[in-house]
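With the sequence up front, the predicted model follows.
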Number of protein chains: 2
Amino acid sequence: MTTATDETNPDGRGFLPGLALDFVIFGFHDQELKILILEYKNTDLFALPGGFVREKEDLESAARRVLAQRTGLTDIYLEQFHTFGSLQRYDPAPLAQIMQAKGHAVQPDHWLLRRFVTVGYYALVDFTQAVPQPDAMADRCAWYELHQLPSLMLDHKSIVAKALETLRETLDRKLIGFNLLEESFTMHTLQRLYETVLGEPLNRSSFQRRMLSLGILQRLEKTYTGKAHKAPYLYRFIQPE
Amino acid sequence: MTTATDETNPDGRGFLPGLALDFVIFGFHDQELKILILEYKNTDLFALPGGFVREKEDLESAARRVLAQRTGLTDIYLEQFHTFGSLQRYDPAPLAQIMQAKGHAVQPDHWLLRRFVTVGYYALVDFTQAVPQPDAMADRCAWYELHQLPSLMLDHKSIVAKALETLRETLDRKLIGFNLLEESFTMHTLQRLYETVLGEPLNRSSFQRRMLSLGILQRLEKTYTGKAHKAPYLYRFIQPE
DNA sequence: TATTATTGTTGCACTATGCAACAATAAAGC
DNA sequence: GCTTTATTGTTGCATAGTGCAACAATAATA
């Protein structure tokens, strides 16, 4: 919810007032779906990474700019999914606590303590390539397993839920695995990704048949895992040119 | 894009600054999909109905309030689909023209001439029940066939396109016909609605089989159309209690 | 060499859907 | 009254997709 320009900019000048961006950044690792969470020193507060929109900046450009700051990655799969504007989410307490913990005097009319409507985006990133960067206010930025999230501030928990719901609904239409996996992977890993997103087990042979019939996978050499069984093939996505 | 409180409120006081709502209100009539469009006197400008969010009001509540003002209907199917915030859409010219045509002096710093990010909602209404109401600035509010829209101001054309795209994608998941049709209807009308939304013809027997197998339709008495052929049954949706 | 675990594949049953055909029927033409 | 016409409700058939179970292949281990 915060940005690096805060301390030198007590009025929030240069940003669109009352409008924020929040990001649910998905990664896939150890057969688990994870998201990036910010942690604030001395507060036990956890939040989604976020930012603000500059006065002369497209909403979409702002989203890409902030995301690049958080993950170090450009050219990322990014999609807007919902805008959150309930009055309930207007609670200055957590942010006041964060500012206090940072040693700032808390002015009650500080721009960060006003009401915000926030546009939610989700991103899909290759876990191995993302380099999480905490912003000026936060001091840790780390991956959390989706089902073991800490308690998040404000309505961020429901923002995550809505992002996941959207991800499920678009799983088939958009080629989501393409963005969450490394260059090559086994069929089993791909299936685990689908199962994790959908939250339900899938039939192994049907899944393999369906994926192969899509014509988007190229079979590569085998990978010898060292386990006592048949070695699985590696696959990679064929670039839709 | 405007609201009735404009003339007595030159600063936009009481509203969240820079944030607007725009509505794509779908109706179905004469076998055609239609939407509500506002027309501004002496300008030849056409726009989507819209409004603003009060400072102490949920985003969702604001949407329902504005929609009720436009259609005279409450308890309407309403869904947020996208938030539009490109810089391109920031063009004060059309609104200045509208204000001028209304006989107002155009102050260049008027709040309506500033940049807005707008949250897009689509609504599904029973055409026969909706009572379009122009707002204070507009002087006509009328249904237009989707493929015969006038040239819309700003980016409203792409807002309509995005709304239609969303409608298509959710057609099966949500029970859309339920909101767009009258109490009872023929299978043919239901099929035409689906075809209009999807933009492609559907197979008659397959469609009938699929709809009946859903178990959401109740067959009523026949309707004698006066035409020289078998009379079709009427159906109505079974209320999911 | 036999065992074990996992992978790739295939057969079968079941469901969904496009297409074509057929029977039913309301009104019009004769 | 009988035939014709247009549309509707229904059914049969071919095809495609999917769950389930089974089987063969195979890399490492015992």
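Everything's here; your move. Worth saying up front: this structure is predicted, and the values here are computed from it rather than measured.

Would you mind listing what in chain A touches DNA strand D?
Within chain A, the positions adjacent to DNA strand D are A:202-203, A:205-207, A:209-210, A:213, A:222, A:224-231 by CB under 7 Å from any atom of the strand. Using the backbone N, CA and C atoms, a C-beta is placed for each residue, glycine as well.

Could you report the distance from the closest residue to DNA strand D within chain A to DNA strand C?
Distances between chain A and DNA strand D by CB to the nearest atom of the strand are smallest at A:Ser206, namely 2.8 Å. Applying CB to the nearest atom of the strand, to the nearest Å, the value for A:Ser206 to DNA strand C is 8 Å.

Check which element follows the helix or strand hosting that residue along the chain.
Secondary structure from DSSP states H and E places A:Ser206 in helix A:204-213. As assigned by DSSP H and E, the chain's next helix or strand after helix A:204-213 is strand A:217-222.

what angle sits between that following strand and helix A:204-213?
Orientation note: strand A:217-222 sits at an angle of 110 degrees relative to helix A:204-213 (axes from the mean of the first three to the mean of the last three CA atoms, to 10 degrees).

Now do the same for A:Tyr235: helix, strand or coil?
Classification of A:Tyr235 using DSSP: H, G, I helix; E, B strand; the rest coil returns strand.

likewise the one 4 residues further on?
Here A:Gln239 is recorded as coil under three-state DSSP.

Check the gap between the closest residue to A:Asp11 other than its chain neighbours and B:Leu19 for me.
Excluding the flanking residues, the one nearest A:Asp11 by CB to CB, 6 or more residues apart in numbering or on different chains is A:Trp111, at 5.6 Å. Distance of A:Trp111 to B:Leu19, given as CB to CB, to the nearest Å: 15 Å.

Which residue of those two possesses the greater neighbour count?
The neighbour comparison of A:Trp111 against B:Leu19 (other CB atoms under 10 Å in any protein chain shown) goes to B:Leu19, with 23 against 17.

helix or strand for the more buried one, which one?
For B:Leu19, the element it lies in under DSSP H and E is strand B:15-29.

got the buried residues for that strand?
Neighbour-count burial for strand B:15-29 flags B:15-28 (criterion: 16 or more other CB atoms under 10 Å in any protein chain shown).

Could you tell me the average pLDDT over that strand, please?
Summarised as a single mean, pLDDT over strand B:15-29 is 92.

What does A:Asp126 show for phi and psi?
Reported as degrees, to the nearest 10, the phi and psi values for A:Asp126 are phi -80, psi 110.

ok, it - contacts?
Taking CB atoms under 8 Å, 6 or more residues apart in numbering or on different chains as the contact definition, A:Asp126 lies against A:27, A:179-182.

for these, which one is nearest chain B?
Using CB to the nearest CB, A:Asn179 comes nearest to chain B of the contacts of A:Asp126, at 19.5 Å.

Would you mind writing the CA trace of the helix or strand hosting that closest one as CSV?
Following DSSP H and E, one finds A:Asn179 within helix A:177-180. Below are the C-alpha coordinates for helix A:177-180, written out as CSV (Å, rounded to 0.1, in the frame of the first residue of the first chain):
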residue,chain,number,x,y,z
GLY,A,177,1.5,-22.0,-16.9
PHE,A,178,3.6,-20.3,-19.5
ASN,A,179,4.2,-17.4,-17.1
LEU,A,180,4.6,-19.3,-13.8
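
what packs against that helix?
Counting contacts by 3 or more CB pairs under 8 Å, 6 or more residues apart in numbering or on different chains; DSSP states H and E, helix A:177-180 is packed against strand A:15-29, helix A:187-198.

What's the local residue count around A:Gly103?
Applying other CB under 10 Å, we find 7 residues neighbouring A:Gly103.

again with A:Thr43
Counted with other CB under 10 Å, A:Thr43 comes out at 17.

list the contacts for the most centrally placed residue in chain A?
Centroid-nearest residue in chain A, with CA atoms, centre = their mean: A:Ile25, separated by 0.8 Å. The neighbours of A:Ile25, taking CB under 8 Å, 6+ apart as the test, are A:35-36, A:49, A:67, A:70-71, A:122-123, A:125, A:130.

Domains in chain A, by residue range?
Using automatic domain parsing, the domain parsing of chain A gives A:15-170, A:183-237.

hey, which of those domains is tucked in deepest?
Most buried of the domains of chain A, by mean neighbour count (mean count of other CB atoms under 10 Å in any protein chain shown): domain A:15-170, with a mean of 18.

how long is that domain end to end?
End-to-end distance for domain A:15-170, by CA to CA, to the nearest Å: 32 Å.

same question, stretch A:143-155
Using CA to CA, the two ends of stretch A:143-155 sit 19 Å apart.

Any part of stretch A:225-241 near DNA strand C?
Yes. Stretch A:225-241 is in contact with DNA strand C by CB under 7 Å from any atom of the strand, via A:227-233.
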